[in-house]
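>>> dropping the sequence and predicted coords here.
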Amino acid sequence: MASLALDQAQPVDEPQPGPRFDYKTHPLAKLLFAAILVGGLAFAGWSVLTDTRGVGEELATGVFLFLALALLIALGFEFVNGFHDTANAVATVIYTNSMPAHFAVIWSGFWNFLGVMLSSGAVAYSIITLLPVDLILNVGSASGFAMIFALLLAAVLWNLGTWYVGLPNSSSHTLIGSVLGVGLANQLIQAGSRGGTAGVDWSQAQKVLTGLWMAPLIGFFAAVLLLLVMRAVLRNPKLYTSPMPHTAPPLGIRSALIFTCTAVSFSHGSNDGQKGMGLIMLILIGCAPTAYALNRTLPASATPAFVQTANTASAAFDAHSRGLPDMAPVQARAVLTTALQQRKAESPQVFAALESLSKDLTARVQGFGSLSKVPAEATGNVRNDMYLVLDTTKLATKKPDGYQPAELKALTEYQKSLEAGTRFIPLWVKIVVALALGLGTMIGWKRIVVTVGEKIGKQHMTYAMGASAELVAAGTILAADRFGLPVSTTHILSSGVAGASVASGAGLQARTVRNLALAWLLTLPAAMLLSGGLYWLMLSAVRALGL
């Protein structure tokens, strides 16, 4: 402990000259960048045409252009996310001279791409479940399209605004605020039919927002603890001194810092890339439901297993319906929709509705032979019924008390079967999102890098500070990805840098910390107001035009 105290009492190093940012991009590199960007967009268009024609769905020119615009905005969000959030990953290696700036952003972009491609997909639909039930069920309607455009434009505009002033704001925070704003606006527009907050799934919102408010605390205190442990265990004094100007660190230290940068970049791609995937799937379902509302890649051999799990689940529904008679499918849909809107699924009536709609759904799928053979005119109803049964069953089993182990197992297996049929990500969607995020990493990163590297702590970043902040960020994001939680790379890493600065005894720059806290507090209400206002304007315009 004496040596630890002595280390902390060492005088603060004088700030060193910053890294070089004056690299000139070779014309061939610019040409390659543009070629990949245009090629990715062309690949997305070709994939949509191939998928729709493969199921006999011909998109009208107007619908295709509308779809192209929506995809362009969604990919634009991921592109902005790349240069806004990923700057946090490269700031540490740049300011410790572990990598030249121009090479660091290319390296980070590649690992972001790989993170998206290898992601689980669990986060992709967690954002979508925040949206109002009626908008998800009618995503192809005018209100559904207004919802998509409003939340995407709001997220992009707020991200660009905070980037312009150099604030490391969270794209996750912004997107969730945009989604919540659309949900509240949708309900308020509906003239109080179910109350102003019924348009938002607040139980899911609480789960998502918990990850966001906890992220800065986790980043700060975990970085403090990790740096203190490093001081106690790793006694190499070079770890705790500022780098020499424009001089690379020793090989071992440099390797460790490059590893942490790689881990943050990969984990950022695996978590943040999925948010764009979920939004793109909403767009595709709305514009081309025959091709994308159901997972038509499931083989016919999967149908018997689906039918078996559905029948077993129906027996569990029947046991909890207390003998209520079967309902007509129309009545069952209304009961389940209300249950999802009110977040109450424990009544016998809900279980009776689940049993009735599940039996009807199973009979239709069995009659078609497989999801790939569901005709175009039946696709929307099958997808919506699967959505209603899936999400109501999840809501009903949130509290496992009251279920026999065999019943709970049957319902869990049924949920997995329904998810396999509706919640999927085509490979081409992963590829174009990965390209957008990876290419975005290589553009516009300097503003945020300078803030993280120079304006949080009073001391020039040491090797140990950079490593501790990035290890905490990578570990937290990968854990969140495992549990399907969207978290903020920006919040975790910038607060990790702050925690490392405090642990090193250097202190913080009050102005930057105040601005970061202000951005953190303002992002949610600002994004909600922006998206809600845009949604109202777009919906009013659509109604005025009679569309």
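That came through fine.
>>> now do stretch 221-228: distance to the chain's middle.
27 Å (CA atoms, centre = their mean, to the nearest Å).
>>> also stretch 61-72?
Its chain's C-alpha centre and that of stretch 61-72 lie 23 Å apart, by CA atoms, centre = their mean.
>>> buried residues of it, list them for me.
64, 66-67, 70-71 (16 or more other CB atoms under 10 Å). In short, each C-beta sits where N, CA and C put it, glycine included.
>>> for that stretch, C-alpha coordinates in PDB please.
C-alpha atoms of stretch 61-72 as PDB (Å, rounded to 0.1, in the frame of the first residue of the first chain):
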ATOM      1  CA  THR A  61     -41.400   2.100 -58.900                       C
ATOM      2  CA  GLY A  62     -42.700   4.500 -56.300                       C
ATOM      3  CA  VAL A  63     -42.500   1.900 -53.500                       C
ATOM      4  CA  PHE A  64     -39.000   0.900 -54.600                       C
ATOM      5  CA  LEU A  65     -37.800   4.600 -54.600                       C
ATOM      6  CA  PHE A  66     -39.400   5.100 -51.200                       C
ATOM      7  CA  LEU A  67     -37.700   1.900 -49.900                       C
ATOM      8  CA  ALA A  68     -34.400   3.100 -51.300                       C
ATOM      9  CA  LEU A  69     -34.700   6.500 -49.500                       C
ATOM     10  CA  ALA A  70     -35.600   4.800 -46.200                       C
ATOM     11  CA  LEU A  71     -32.600   2.400 -46.500                       C
ATOM     12  CA  LEU A  72     -30.300   5.300 -47.400                       C
END
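>>> can you tell me what sits against that stretch?
41, 44-45, 48, 59, 145, 148-149, 152, 280, 283-284, 287-288 (CB atoms under 8 Å, 6 or more residues apart in numbering).
>>> try it again at 7 Å.
44-45, 48, 148-149, 280, 283, 287-288 (CB atoms under 7 Å, 6 or more residues apart in numbering).
>>> ok, of these, which come out buried?
44, 48, 148-149, 280, 283, 287-288.
>>> dump the contacts of stretch 61-72 to TSV, plus pLDDT and distance to residue 31.
Output for these, formatted as TSV (pLDDT from 0 to 100; distance: CB to CB, whole Å):
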residue	pLDDT	distance to residue 31
44	92	21
45	90	21
48	92	26
148	83	33
149	86	32
280	88	27
283	86	30
287	85	32
288	87	33
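>>> what about these, which are in strands?
Judged by DSSP state E, strands contain none of the contacts of stretch 61-72.
>>> closest to residue 109 out of the residues you listed?
Distance to residue 109, by CB to CB, is smallest for residue 44 among the contacts of stretch 61-72, at 18.6 Å.
>>> what's the nearest residue to the closest one if we skip its chain neighbours?
The shortest distance from residue 44 to any non-neighbouring residue, by CB to CB, 6 or more residues apart in numbering, is to residue 432 (4.6 Å).
>>> do residue 75 as well
Nearest to residue 75 is residue 436, by CB to CB, 6+ apart, at 4.4 Å.
>>> which residues touch the helix or strand hosting the one you found?
In the assignment (DSSP states H and E), residue 436 maps to helix 427-441. By CB under 7 Å, 6+ apart, the surrounding residues in contact with helix 427-441 are 33, 36-37, 40, 43-44, 47, 75, 78-83, 86, 105, 108-110, 112-113, 116-117, 269, 272-273, 276-277, 280-281.
>>> list only buried entries from those residues.
Here, 16+ other CB under 10 Å leaves 37, 40, 44, 47, 75, 78-83, 86, 105, 108-110, 112-113, 116-117, 269, 272-273, 276-277, 280-281 buried among the contacts of helix 427-441.
>>> in helices, which of those fall?
Residues of the buried ones among the contacts of helix 427-441 located in helices (DSSP state H): 37, 40, 44, 47, 75, 78-83, 105, 108-110, 112-113, 116-117, 269, 272-273, 276-277, 280-281.
>>> could you report the neighbour count for residue 180?
Counted with other CB atoms under 10 Å, residues neighbouring residue 180 total 26.
>>> any idea how far it lies from residue 124?
As judged by CB to CB, to the nearest Å, residue 180 and residue 124 stand 18 Å apart.
>>> what of residue 43?
20 Å.
>>> also residue 290?
21 Å.
>>> what does residue 286 give?
On the measure of CB to CB, residue 286 and residue 124 end up 16 Å apart.
>>> same check on residue 474?
From residue 474 over to residue 124 (counting by CB to CB), the distance is 20 Å.
>>> find me the pLDDT at the most centrally placed residue in the chain, would you?
With distances taken as CA atoms, centre = their mean, residue 275 lies nearest the centre of the chain, 2.9 Å away. At residue 275, the predicted lDDT confidence score is 79.
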